[in-house]
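> Return atomic coordinates for the entry below.
(chains A and B)
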Amino acid sequence: MSDLVTVTPAAAELIRSLREQHGPLMFHQSGGCCDGSAPMCYPAGEFRTGSSDIQLAALTVDGVPEPVEFWISRAQWDLWQHTKLTIDVVPGRGSGFSLEAPEGLRFLLRSTLARPDHA
Amino acid sequence: MTRYDAPTHWQSRYDHFIGGEYVKPHGGRYFENPTPVTGQPFCEVARGTAEDVERAIDAAHGAAGAWGRTPAADRALVLNRVADRMQEHLQALAIAETWENGKPIRETLAADIPLAIDHFRYFAGVIRAQEGSLAEIDDDTVAYHFHEPLGVVGQIIPWNFPLLMATWKLAPALAAGNAVVLKPAEQTPASIHYLLSLVADLLPPGVVNVVNGFGVEAGRPLASSPRVAKVAFTGETTTGRLIMQYASENIKPVTLELGGKSPNIFFDDVSAAPDDFRDKALEGFTMFALNQGEVCTCPSRALIQQGHYADFLAAAVARTREIRPGHPLDSATMVGAQASNDQLEKILSYLDIGRQEGARVLTGGARAQLDGELSGGYYVEPTIFEGSNSMRIFQEEIFGPVVSVTSFADLDDAVKIANDTLYGLGAGVWTRDINTAYRAGRAIQAGRVWTNCYHAYPAHAAFGGYKQSGIGRENHKMMLDHYQQTKNLLVSYAPKKLGFF
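A predicted model of the protein is given here:
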């Protein structure tokens, strides 16, 4: 299932840097307004996932000793499951409590169709 | 047409506003604040940490008792004076807000700042008129109900309407007698300080405290503090859940406004005549571009009934093409800059996925490249997609000037599509038939159903979400309940014992 979520080299570099500063990490995909749709990066365990969530991936990132779990709410994934997700990074300010914001960078999700016949 | 000059009233640096004075950040660090108009920094802002938040909470606790005991008439007077001061400086505030956020000056002059002024006046009014209650339980027993302030509250403000959203949260909290620690968004941290430069002398020290910084460094300590009695947040779902999680650790209430994916429904009879009403409905369609689409209630799904679908959509595309992009400080500009680079990038990522999903681009669909000093700013063409409600561009709040259009057969079909979303904040219904309007409005699972209008935000009309759009209501006197405790004094006037012991 890990091929549902991939990481660009720039995002991998940022994940490595955040891992050094903050320890083990996790992602939870956001929805809604303002910075919704951004993948939020937290210290592992900071965001409590539950039965309403689904783990899409345990990302392997070079230089990061443990897998980085990527979570999304099940209701949101029901609407997204025809797409594959790529975590990228862009210059930005961010909001929410995601760890990378003070770096002047922002994780950004890019998407591609998993099933080209969807449309 | 008027072209306003870029504001010159900014300080080069803003510290935290704590206890009625400016205080340097504990960590000694600052971050640059760019204007989305040009992408260039115009000031730097304190990078707050937990120590700064603690200091602000201390100041708020020092002020909360006296402020909570201040007569409602006196608190109302402070709010009215804040409103008066804002009225005197309306144009300067509008220019500041446009420079901070990138939105067109015609909106800040006509909407953001006037609405904020009126909001202070509204809560000045309702707190004067608020009454407790008494209930006569029996001949000897009376239950008295008093409203008491919560004490110190934390408020985390979004970047799409920096001053108006701060006002939506500050006015009811202050009216109810609370002291506030407020964290502005890191994308728009400065305009609140320009406002403070105008009104700080009116506020008792410590009643309003502003700590700037990043969410993870300043927002988190505020949201997780056991010393704030309540947290109010506007933003997205993951942070909303995290704030609820922190609140659960302290058994504290929260109010959350987390956005939506608002349907805007146009029944066939809208096109029954080529009159003012149809013209108003076309403007209602085009409201997706208001504030560059950076509105929690952006009407980002347009549902058009099949009978007039082709004609109405063609007219809507034509109206959208008339939207004038340009310098946000030009009064003729209708669509300005997105608030930040990451917001721009997110919108572009949705334009990409929309095309991949097979949605048809009817107009727009790309970053807008403007000339001169605007070339470094964050501009997007107003975009209309045509597709189906299962596509991600119909299900996620893009927070850009992007609308996704589909058709519906009848009232039941319209309601089914409208409610096929995780969210329920806003909706629009356009029809000449009052029965259709009523049936649709009651059936749509959303906290606000604009009926034959859209994007009006008058004080005294409750605003808030169903489903995953959040918890609580703003913009109405009922908001006082979110900032007050109920104290019941149960009093016996009977001289005789009960007889149990």
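
> Which of the three states applies to residue A:47?
Assigned with DSSP: H, G, I helix; E, B strand; the rest coil, residue A:47 falls in the coil class.

> and chain B, what are its domains?
Using automatic domain parsing, the domain parsing of chain B gives B:16-32+B:43-258+B:469-487, B:263-451.

> Nearest to chain A, out of those domains?
Chain A lies closest, by C-beta to the nearest C-beta, to one member of those: domain B:263-451, at 2.5 Å. Quick note: C-beta positions are derived from backbone N, CA and C, even for glycine.

> Just give me how far the closest one sits from the chain centre.
19 Å (C-alpha atoms, centre = their mean, to the nearest Å).

> and residue B:119, that one's in a helix?
Yes - if the criterion is three-state DSSP, then residue B:119 is within a helix.

> my guess is it contacts residue B:165, does it?
No - between residue B:119 and residue B:165 there is no contact under C-beta atoms under 8 Å: 10.3 Å.

> do the strand or helix carrying residue B:65 and chain A meet?
Using DSSP states H and E, residue B:65 sits in helix B:50-69. No - Helix B:50-69 lies out of reach of chain A by C-beta under 8 Å from any C-beta of the partner chain, never closer than 12.8 Å.

> Can you give me the buried ones in that helix?
Buried residues in helix B:50-69, counted by 16 or more other C-beta atoms under 10 Å in any protein chain shown: B:50, B:52-61, B:63-64, B:67-68.

> And the pLDDT at residue A:118?
The model reports residue A:118 with a pLDDT of 48.

> ok, back up a step: what sits up against the helix or strand just after the helix holding residue B:65?
Once the chain leaves helix B:50-69, the next helix or strand it forms, by DSSP H and E, is helix B:72-88. With contacts defined as C-beta atoms under 8 Å, 6 or more residues apart in numbering or on different chains, helix B:72-88 is touched by B:67, B:93, B:113, B:116-118, B:120-121, B:123-125, B:127-128, B:130, B:171, B:174-175, B:177, B:195, B:198-199, B:202-204.

> what about helix B:72-88, distance to the chain center?
21 Å.

> Now do the residue nearest to residue B:70 when sequence neighbours are not counted: how many residues are near it, please.
Leaving aside its chain neighbours, residue B:70 sits nearest to residue B:177 (7.0 Å; criterion: C-beta to C-beta, 6 or more residues apart in numbering or on different chains). By other C-beta atoms under 10 Å in any protein chain shown, the residues close to residue B:177 number 26.

> Over to the one 4 residues further on?
Applying other C-beta under 10 Å, we find 32 other residues in the vicinity of residue B:181.

> Assign it to helix, strand or coil.
Judged by three-state DSSP, the three-state class of residue B:181 is strand.

> how much space between it and residue A:96?
Distance of residue B:181 to residue A:96, computed by C-beta to C-beta, to the nearest Å: 18 Å.

> where exactly do the strands run in the stretch 251-400 of chain B?
Secondary structure of the stretch 251-400 of chain B, counting by DSSP state E, counting those that start in this stretch: strands at B:254-257, B:263-266, B:301-305, B:360-363, B:383-386.

> right, I mislabeled it, should have said chain A
A:5-7, A:25-29, A:39-43, A:53-59, A:68-73, A:83-91, A:105-113 (DSSP state E).

> can you tell which of the ones you listed is closest to residue B:41?
Closest approach to residue B:41 among these (C-beta to C-beta): strand A:83-91, 12.8 Å.

> Compare the strands of the stretch 251-400 of chain B and report which one is nearest to residue A:87.
Of these, the one closest to residue A:87 (C-beta to C-beta) turns out to be strand B:383-386, at 24.5 Å.

> by contact count, what packs against the closest one?
helix B:309-321, strand B:360-363, strand B:402-408 (3 or more C-beta pairs under 8 Å, 6 or more residues apart in numbering or on different chains; DSSP states H and E).

> now these in CSV, with distance to chain A and mean neighbour count?
Formatted as CSV, those follow (distance: least, C-beta to the nearest C-beta, whole Å; neighbours: other C-beta atoms under 10 Å in any protein chain shown):
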stretch, distance to chain A, mean neighbour count
helix B:309-321, 19, 17
strand B:360-363, 10, 16
strand B:402-408, 12, 24
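
> possible to save these as CSV with distance to residue A:45 and mean pLDDT?
Listed next are the helices and strands packed on strand B:383-386 as CSV, based on distance: least, C-beta to C-beta, whole Å; pLDDT from 0 to 100:
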stretch, distance to residue A:45, mean pLDDT
helix B:309-321, 46, 98
strand B:360-363, 42, 98
strand B:402-408, 36, 98
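
> how about a markdown table for the ones you listed, with distance to residue B:353 added?
A markdown table is the format used below for these (distance: least, C-beta to C-beta, whole Å):
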| stretch | distance to residue B:353 |
| --- | --- |
| helix B:309-321 | 21 |
| strand B:360-363 | 13 |
| strand B:402-408 | 11 |
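
> Quick check: which element contains the residue positioned nearest the centre of chain B?
Residue closest to the average C-alpha location in chain B (C-alpha atoms, centre = their mean): residue B:165, at 4.4 Å. Per DSSP H and E, residue B:165 falls inside helix B:162-175.

> Could you tell me the angle between that helix and helix B:50-69?
Interaxial angle, helix B:162-175 versus helix B:50-69 (axes from the mean of the first three to the mean of the last three C-alpha atoms, to 10 degrees): 50 degrees.

> Just the CA trace of stretch B:280-287, in PDB.
Listed next in PDB are the C-alpha coordinates belonging to stretch B:280-287 (Å, rounded to 0.1, in the frame of the first residue of the first chain):
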ATOM      1  CA  LYS B 280     -28.100  39.300  -9.400                       C
ATOM      2  CA  ALA B 281     -28.000  35.500  -9.700                       C
ATOM      3  CA  LEU B 282     -25.100  35.800 -12.200                       C
ATOM      4  CA  GLU B 283     -23.300  38.000  -9.700                       C
ATOM      5  CA  GLY B 284     -24.100  35.400  -7.100                       C
ATOM      6  CA  PHE B 285     -22.400  32.700  -9.200                       C
ATOM      7  CA  THR B 286     -19.300  34.900  -9.600                       C
ATOM      8  CA  MET B 287     -19.000  35.400  -5.900                       C
END
